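Engineer: any chance you could fold what I've pasted below:
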Amino acid sequence: MKKIWIPAALMALAACSMTNNAEKGQGDSQDITARLAITQVAESVPSEPSVDSVEVDGISSATALPNHSSFNGIMVVPPQRQATVTLTMGGTVHATTLLPGDYVKKGSVVVSLENPDFITLQQTYLDAHAQTEYLEAEYKRQQRLSEQEAASQKRFQQSKADYLSMKSRLEAAAAQLTILGIDPDELLKGGIRPYLEVKSPLNGYVASMNLNLGRYIEAGQPVCDVIDKGETLLCLTAYEKDLQDLEPGKPVQFRVNGMGEQTFHATLLSVGQEVDATSRSLEVYARVKESNARFRPGMYVSAHVEK
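Structural biologist: The predicted structure is shown next:
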């Protein structure tokens, strides 16, 4: 429907013209002239643009281009490229040099902790290692004597039990050290370490740091996240009506909030298999083709998939 806007000044001019003409006795002819002038100006005023060419999704409020399905979503990284550094042994923060956003390499120290139990565990391993060597030698000696019938079977069996018991203690202590990131062989060479060093499990950027000097962190509590931005995904929100247009392998074009009109490209990777009972939505993932230092997990994007 067209809306016609007539300038107020023109209306006033026409009204004055009709009034003056009536006073001068030229009513009919001048009245017709004024009406023609109003009609010509009104037809020259452009009508408002039609919105028939723009579609708006009533559920997501996303605008859609012709022959395209439109989606909103965020940037994410694959689960295997994001790690949460969690403590397997609690302790007091002794030192850290990192800030959120710093880049770390796999195996580099994130934080060092103080905990007397860590020292005790190392001592237990070293003692068990020394005892195991002695009991193994005694067990083998008793075994030779038993074969020569120079020692009783009871003493032989006791030496075997002592050796196997200590060996299991040694293996248990070694397993605990391995979980903490300590190589038992290096402990034998270098001796007891005063501080427990927590290391990064992968290359990436530090995020969500939750520590400071002197703070005690419980076992199982997260210290920080490490994010590898080597691969970026889009997590888009789709609806039941969009399923017919979504197939893995389809090209995706998207823009990132805060990065202007620049268009990036991705490839549809997977379509969720479960529809949310409340919102009637499902998640769709696409792999981003370009790499950009400004990309961050959590950034909002608007995407289009060709039908």
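Engineer: now V110, what's its secondary structure?
Structural biologist: strand (DSSP: H, G, I helix; E, B strand; the rest coil).
Engineer: any idea how far N210 is from it?
Structural biologist: 12 Å (C-beta to C-beta, to the nearest Å). For the C-beta atoms, the positions are set from N, CA and C on the backbone; glycine is no exception.
Engineer: comparing the two, which shows the higher neighbour count?
Structural biologist: Applying other C-beta atoms under 10 Å to V110 and N210 shows that V110 carries more neighbours, namely 21 against 12.
Engineer: run through the helices of the stretch 1-150 of the chain in chain order.
Structural biologist: Secondary structure of the stretch 1-150 of the chain (DSSP state H, counting those that start in this stretch): helices located at 8-24, 27-44, 116-147.
Engineer: over to the stretch 201-307 of the chain?
Structural biologist: Using DSSP H, counting those that start in this stretch, no helices are assigned anywhere in the stretch 201-307 of the chain.
Engineer: remind me which residues of it are low pLDDT?
Structural biologist: For the stretch 201-307 of the chain, no stretch has pLDDT under 70.
Engineer: where along it do the strands fall?
Structural biologist: For the stretch 201-307 of the chain, strands defined by DSSP state E, counting those that start in this stretch occupy the ranges 204-207, 216-217, 222-227, 233-239, 251-256, 264-271, 281-288, 300-306.
Engineer: got it, and the stretch 51-200 of the chain?
Structural biologist: Taking DSSP E, counting those that start in this stretch as the criterion, the stretch 51-200 of the chain carries its strands at 55-56, 63-64, 68-76, 82-86, 91-95, 103-104, 109-114, 196-199.
Engineer: save those as CSV, and put in mean pLDDT and distance to L282 too.
Structural biologist: Listed next are the strands of the stretch 51-200 of the chain as CSV, based on pLDDT from 0 to 100; distance: least, C-beta to C-beta, whole Å:
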stretch, mean pLDDT, distance to L282
strand 55-56, 43, 21
strand 63-64, 44, 18
strand 68-76, 90, 11
strand 82-86, 95, 22
strand 91-95, 96, 42
strand 103-104, 96, 35
strand 109-114, 95, 36
strand 196-199, 94, 38
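Engineer: got these as JSON lines, with distance to G220 columns?
Structural biologist: Formatted as JSON lines, these follow (distance: least, C-beta to C-beta, whole Å):
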{"stretch": "strand 55-56", "distance to G220": "47"}
{"stretch": "strand 63-64", "distance to G220": "46"}
{"stretch": "strand 68-76", "distance to G220": "25"}
{"stretch": "strand 82-86", "distance to G220": "6"}
{"stretch": "strand 91-95", "distance to G220": "12"}
{"stretch": "strand 103-104", "distance to G220": "22"}
{"stretch": "strand 109-114", "distance to G220": "14"}
{"stretch": "strand 196-199", "distance to G220": "13"}
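Engineer: and the end-to-end length of stretch 108-124?
Structural biologist: 26 Å (C-alpha to C-alpha, to the nearest Å).
Engineer: just the buried positions in that stretch, please.
Structural biologist: V109, V110, V111, S112, L113, E114, N115, F118, L121, Q122, T124 (16 or more other C-beta atoms under 10 Å).
Engineer: any residues touching it, and which ones?
Structural biologist: 85, 87, 89-96, 98, 104, 169, 173, 176-177, 180, 182, 187, 192-200, 206, 211, 217, 223-224, 226 (C-beta atoms under 8 Å, 6 or more residues apart in numbering).
Engineer: list buried residues within those.
Structural biologist: 85, 87, 89-91, 93-94, 96, 98, 104, 169, 173, 176-177, 180, 182, 187, 195-198, 200, 206, 211, 217, 223-224, 226.
Engineer: ok, the residue most central in space within the chain to T120 distance?
Structural biologist: In the chain, the centroid-proximal residue (C-alpha atoms, centre = their mean) is V76; its distance is 4.1 Å. V76 sits 42 Å away from T120 when distances are taken as C-beta to C-beta.
Engineer: quick one on the thing from earlier: who touches both of V110 and N210?
Structural biologist: Taking C-beta under 8 Å, 6+ apart as the contact rule, V110 and N210 both touch V223, C224.
Engineer: walk me through the domains of the protein.
Structural biologist: 8-44, 55-77+229-306, 81-227 (automatic domain parsing).
Engineer: residues in contact with S159?
Structural biologist: So S159 contacts L135, E138, Y139, R141, Q142, Q143 (C-beta under 8 Å, 6+ apart).
Engineer: from these, which is closest to R287?
Structural biologist: L135 (56.8 Å; C-beta to C-beta).
Engineer: any idea how far Y125 is from the closest residue to that closest one other than its chain neighbours?
Structural biologist: In space, and not counting its chain neighbours, L135 is closest to Y163: 4.0 Å by C-beta to C-beta, 6 or more residues apart in numbering. Y163 is 17 Å from Y125, where distance means C-beta to C-beta.
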